[in-house]
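Trainee: okay, predicted coordinates and the sequence, questions at the end:
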Amino acid sequence: MIPPLRANEEAFKRYNPHELTIEEFFRSDPLLLEHDFWALFRSEGLLRGWLGQRDAAIAFMRYMCERFEGVRERALEETLRALLRDFSAANSAIFGHLHRALEPSREEILGLFQLYVSVLGAAPLTQRFAGARHAEYRS
């Protein structure tokens, strides 16, 4: 199980030396990153159920992007792919929030253009997300 994100992991580690931080957890076995972390994007409700709140999910995603090479690029793609999955509106919304919170650059958006087009053609919830995101970059 993925350990919780703590506000000050260094202080926590000082007082709990045998407890793993999130970074230590994923670095201890590279397969955990591939299996446990990316499963959050493929299994309905897992991310929302584990973190609960949007702010916690955004903080977790930023943490992972800062500490693990390649996570940001893949997270941008996986958040869009998650919007295309047959998840309920409540479980899909977090992926739109995460995607926006990562603030993709113009180049990143262009690199994911086909996925943005697919999201635009998807269900109403994802259309609103993608349409709003597209409108931001037209201006």
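Mentor: Now that the structure is in, tell me what you want to look at.
Trainee: mind listing the strands for the chain?
Mentor: Counting by DSSP state E, the chain yields no residue ranges for strands.
Trainee: got the contact list for stretch 95-105?
Mentor: For stretch 95-105, the external contacting residues (C-beta atoms under 8 Å, 6 or more residues apart in numbering) are 41, 47, 54, 57-58, 61-62, 65, 72, 75-76, 79-80, 82-83, 112, 125-126, 129, 133. No exception for glycine: its C-beta is placed from N, CA and C like everyone else's.
Trainee: and stretch 61-72, by the same measure?
Mentor: 5, 22, 23, 26, 33, 37, 75, 98, 101, 102.
Trainee: tell me where the model's unsure across this structure.
Mentor: Applying pLDDT under 70 to the chain picks out residues 48-52, 123-139.
Trainee: of the contacts of stretch 61-72, which is the nearest to residue 13?
Mentor: Minimum distance to residue 13 across the contacts of stretch 61-72 is 10.2 Å, recorded for residue 23 (C-beta to C-beta).
Trainee: now that closest one: how far from residue 5?
Mentor: Per C-beta to C-beta, to the nearest Å, residue 23 is found 10 Å from residue 5.
Trainee: for residue 29, same thing?
Mentor: Separation of residue 29 from residue 5 (C-beta to C-beta): 19 Å.
Trainee: what's the answer for residue 14, then?
Mentor: 17 Å.
Trainee: residue 97 too?
Mentor: Residue 97 sits 16 Å away from residue 5, going by C-beta to C-beta.
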